[in-house]
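Colleague: below is the sequence, then the predicted model.
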Amino acid sequence: MKEIKKITCIGAGYVGGPTMSVIAQKNPDVEVTVVDLNHARIAAWNDEDLDKLPVYEPGLDAVVGEARGRNLFFSTEVDRAIDEADMIFISVNTPTKTYGKGKGQAADLKFIELCARQIAAVAKDDKIVVEKSTLPVRTAEALKNILENTGNGVNFHILSNPEFLAEGTAVTDLHNPDRVLIGGEDAEAIEALVNVYAAWVPRERILTTNLWSSELSKLVANAFLAQRVSSINAISELCEVTGANVDEVARAIGQDSRIGGKFLKASVGFGGSCFQKDILNLVYIARTYNLYEVADYWEQVIIMNDHQKTRFAEKIIQTMYNTVNGKHIAFLGWAFKKDTNDTRESAAIYVADHLLDEEAQVVVYDPKVSAEQIYRDLDYLGTRSPEDNRRLLKVVDNAYEALDGAHAAAVLTEWDEFKGYDWAKIKEGMKRPSFVFDGRKLLDRKELNRLGFAYYAIGE
Ligand code: UDX
Ligand code: ADP
């Protein structure tokens, strides 16, 4: 197998951008080109001002600053980058289908298929094609069929190399991964990709498997993580009625080394582009093979998550004397977790939607999410007209402004800065009684009670 000198990645999103930046940083002799059809996105990746990168991740600006222009390039010339590459990563979006068969469950593979067809049309010499996007099991099969039926004599080796980075910690996760997973059939192709990672990842952490195990492991890893969140969220509801405290329960069970303490933080519900999508994929695949008990088992993780979001919105309404009509509710946070500007499947969207149905006046502040994105998220739901969304919900760029005159504050994202606010000053500006609904168990109950807030937190 010839040495890998040029890598191309199709898709400059939350996965492709950071992953390729680190691969380039750690392999200065390999030329890495990230391409995307979206011109604005590529322009932002090329912006002189590293604060304007399209993906916000702590530490990413430094990595891009180091490698960009040296051996890391962002471009819209997809065909040229495909033609020149020895290895092509496919890192395009695979959203849940919104139409046709499998609507609301199956992954929409049209972007993947378009990539495969484009690679097939352009490639003139042998390529290694790497699936980076999260995909349903056996997608490699489809990729293979498309690539191998080009009839132009080019050989393609397909590898699965799912990404396990979590947003908000992408750079540290990439620099120091628990494991790198590579699935494939061709030993030389696998070795070529192992070598790319071995530039900084210890060999014993690079696992190789067959294609299907690799594809399935990604879905299962996310399903297990999401299941832990739904499990602790289920217990949070029980804690609220029994007088137990969910953080204390989580600590008590997490000390058992067989259970472990991570991913046991009760919350308003998990979000992000992966958990829900991957479980829906798992459920869909299980149903396709008539494994109904398996499908129902995993579907319950999502049902619990939806319940948690609804329950939080209803708790707000019920506590505020069963009506929020015309009441000013300040949202602290919109992103699906802290340290990211990503809002996909964020619990905040669904909680807001529920409160807007009740004609609440929601004012949102998030340190990294733009007003355009927030309205796009709401409009996408299609629950009410864009005019009504803008009439009922405002976005401001200062938390104190969001909270001024509010009947209630609701914490939707666990941004660190919310803890450091001057809550005494905030209290003075709020209506009385001043409610705080903490969907992240972020704030200090004792302190807020001392200041006279009516404080409600999940699982207490
Ligand atoms: C996840 C996986 O962690 C990662 O390995 C995979 O590559 C992509 O999907 P991500 O969605 O970026 O990463 O973030 P993650 O930290 O897993 O959080 C997902 C959601 O669960 C967030 O909304 C987070 O707030 C929530 N969560 C997480 C909890 O509510 N409680 C927890 O204890 C942990
Ligand atoms: P992820 O979180 O998986 O990275 P994103 O939506 O952030 O998903 O990024 C996927 C990117 O892939 C988008 O910027 C989109 O424009 C790009 N993309 C989708 N299809 C193609 C294609 N055929 N060629 C090039 N880029 C594509």
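Modeller: Cool, the structure landed. Numbering: from 1, shown residues only. Ligands and ions are numbered 1, 2, ... in the order given.

Colleague: all contacts plus neighbour counts: C-alpha atoms, from now on.
Modeller: OK.

Colleague: looking at the protein, which helix or strand is least sure?
Modeller: Taking mean pLDDT, DSSP states H and E as the measure, helix 139-148 is the helix or strand of the chain with the lowest mean score, a mean of 86.

Colleague: and Gln373, that's in a helix?
Modeller: Yes. Assigned with DSSP: H, G, I helix; E, B strand; the rest coil, Gln373 falls within a helix.

Colleague: skipping its backbone neighbours, what lies nearest it in space?
Modeller: Closest residue to Gln373 apart from its sequence neighbours, by CA to CA, 6 or more residues apart in numbering: Thr343 at 8.0 Å.

Colleague: could you pull up the residues touching the one you found?
Modeller: Residues counted as contacts of Thr343 (CA atoms under 8 Å, 6 or more residues apart in numbering) are 272, 334-336, 369, 373, 377.

Colleague: one more time with 7 Å, if that's ok
Modeller: The contact partners of Thr343, taken as CA atoms under 7 Å, 6 or more residues apart in numbering, are 272, 334-336.

Colleague: assign a three-state SS to it, would you?
Modeller: Following three-state DSSP, the label given to Thr343 is coil.

Colleague: roughly how far does it sit from Asn38?
Modeller: 19 Å (CA to CA, to the nearest Å).

Colleague: what's the answer for Val171, then?
Modeller: Distance, Val171 to Asn38, using CA to CA: 23 Å.

Colleague: same deal with Arg287?
Modeller: 35 Å.

Colleague: who's the closest spatial neighbour of Asn27, skipping the chain neighbours?
Modeller: Ala199 (6.5 Å).

Colleague: up against ligand 2, what does the protein have?
Modeller: Contact residues, the chain versus ligand 2 (CA under 6 Å from any ligand atom): 10-16, 35-38, 91-93, 111, 114-115, 133.

Colleague: number of nearby residues for the residue nearest to Asn27?
Modeller: 14 (other CA atoms under 10 Å).

Colleague: just Ser133 next, same as before
Modeller: 21.

Colleague: now do the contacts for the closest residue to it other than its chain neighbours.
Modeller: The spatial neighbour of Ser133 that comes closest, neighbours along the chain excluded (CA to CA, 6+ apart), is Ser91 at 4.7 Å. Counting by CA under 7 Å, 6+ apart, Ser91 touches 9-11, 15-16, 131-133.

Colleague: if I look at Ser91, how far off is Arg287?
Modeller: 27 Å.

Colleague: where in this structure is pLDDT low?
Modeller: Scanning the chain for pLDDT under 70 picks out 1-2, 151.

Colleague: buried stuff in the longest helix anywhere in it?
Modeller: Looking across the chain with DSSP state H, the single longest helix is helix 211-242. By neighbour count on 16 or more other CA atoms under 10 Å, the buried set for helix 211-242 is 211-216, 218-220, 222-224, 226-239.

Colleague: also stretch 60-80?
Modeller: Per 16+ other CA under 10 Å, stretch 60-80 contains these buried residues: 60-61, 63-68, 71-76, 78.

Colleague: tell me how far the ends of that stretch are from each other?
Modeller: 26 Å.

Colleague: list the contacts of that stretch.
Modeller: Counting by CA under 7 Å, 6+ apart, 18, 21-22, 24-25, 28, 30-37, 39, 42, 45-46, 50, 122, 171 sit against stretch 60-80.

Colleague: ok, the buried residues of stretch 60-80 vs ligand 1, which is closest?
Modeller: Taking CA to the nearest ligand atom as the measure, ligand 1 lies nearest Leu60 of the buried residues of stretch 60-80, at 14.9 Å.

Colleague: any idea how far that closest one is from Asp416?
Modeller: Taking CA to CA, one finds Leu60 at 19 Å from Asp416.

Colleague: can you check Leu53 too?
Modeller: 22 Å.

Colleague: over to Trp200?
Modeller: Taken as CA to CA, the span from Trp200 to Asp416 is 31 Å.

Colleague: residue contacts, Leu37?
Modeller: Thr76.

Colleague: so which residues on the stretch 101-250 of the chain come close to ligand 1?
Modeller: 163-167, 222, 229.

Colleague: which one's more surrounded, Leu53 and Asp416?
Modeller: More neighbours surround Leu53 than the other of Leu53 and Asp416, with 20 against 12 (other CA under 10 Å).

Colleague: for the chain, which segments count as strands?
Modeller: 6-10, 31-35, 72-75, 87-90, 127-131, 156-160, 180-184, 206-209, 328-332, 361-365, 393-395, 408-411, 435-438, 454-457 (DSSP state E).
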